[in-house]
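Colleague: coordinates for the following, if possible.
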Amino acid sequence: MIPAGVLQFAPSTEASAIELAELRALAMKPGLTRLGRYDDTRVRSRFLETFSPEHTTQVLDNGLLAAFFVLREQDDHLLLDHLYVHPDWQGQNIGRRVINHVIDQSSTKGLPVRLMALKESPANQFYQSCGFHKTGETAFDILYERPLP
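Modeller: This next block holds a predicted model:
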């Protein structure tokens, strides 16, 4: 584990797509492996197929990529499409800082936040602890919403 220093939220660029896909694969591997669904190529390509730098924010720790998230504004909600913390930075409240930022955006825009989390992932307890409520599920994911305060 790398102790988190001063975190900076930075915009993403097209050039960062591969590095972000690698972080996603690294962060998702344990959960997808547990479910017997890890595919080295698919985990990257699914992200790259929908990558949009204008919706993607990198979380840097002293210039190093510690995490990233994708927040897309929809007509009636904000979609937290991705949130991944590098395993070396997990457990240091980086995810909570991102969620607090997203909640601030939600309040400013007057829109609830929705997301999906992989079933059996520790992320489910994390999102519930941040005020998200289960609204449904698919074969592999649980759907959540955090209403406006």
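Colleague: helix, strand, or coil at Ala21?
Modeller: helix (DSSP: H, G, I helix; E, B strand; the rest coil).
Colleague: excluding its backbone neighbours, what's nearest it?
Modeller: Using Cβ to Cβ, 6 or more residues apart in numbering and skipping residues adjacent in sequence, the residue nearest Ala21 is Arg44, 4.2 Å away. Quick note: C-beta positions are derived from backbone N, CA and C, even for glycine.
Colleague: okay, now the unreliable bits of the protein?
Modeller: 1-5, 31, 33, 35-36, 38 (pLDDT under 70).
Colleague: what's the single longest strand in it?
Modeller: What stands out as the longest strand in the chain, according to DSSP state E, is strand 64-73.
Colleague: relative to strand 64-73, how tilted is the very next helix or strand once past it?
Modeller: Moving toward the C-terminus from strand 64-73, the next helix or strand (DSSP states H and E) is strand 78-85. Interaxial angle, strand 78-85 versus strand 64-73 (axes from the mean of the first three to the mean of the last three Cα atoms, to 10 degrees): 170 degrees.
Colleague: ok now strand 78-85, how far from the chain's centre?
Modeller: In terms of Cα atoms, centre = their mean, to the nearest Å, the centre of strand 78-85 is found 3 Å from the chain centre.
Colleague: go on, stretch 13-28?
Modeller: Centre-to-centre, stretch 13-28 and its host chain are 12 Å apart (Cα atoms, centre = their mean).
Colleague: mind listing what's buried in that stretch?
Modeller: The neighbour-count check on stretch 13-28 (16 or more other Cβ atoms under 10 Å) flags Ser16, Ala17, Leu20, Ala21, Leu23, Arg24, Ala25, Ala27, Met28 as buried.
Colleague: cool, thanks, signing off.
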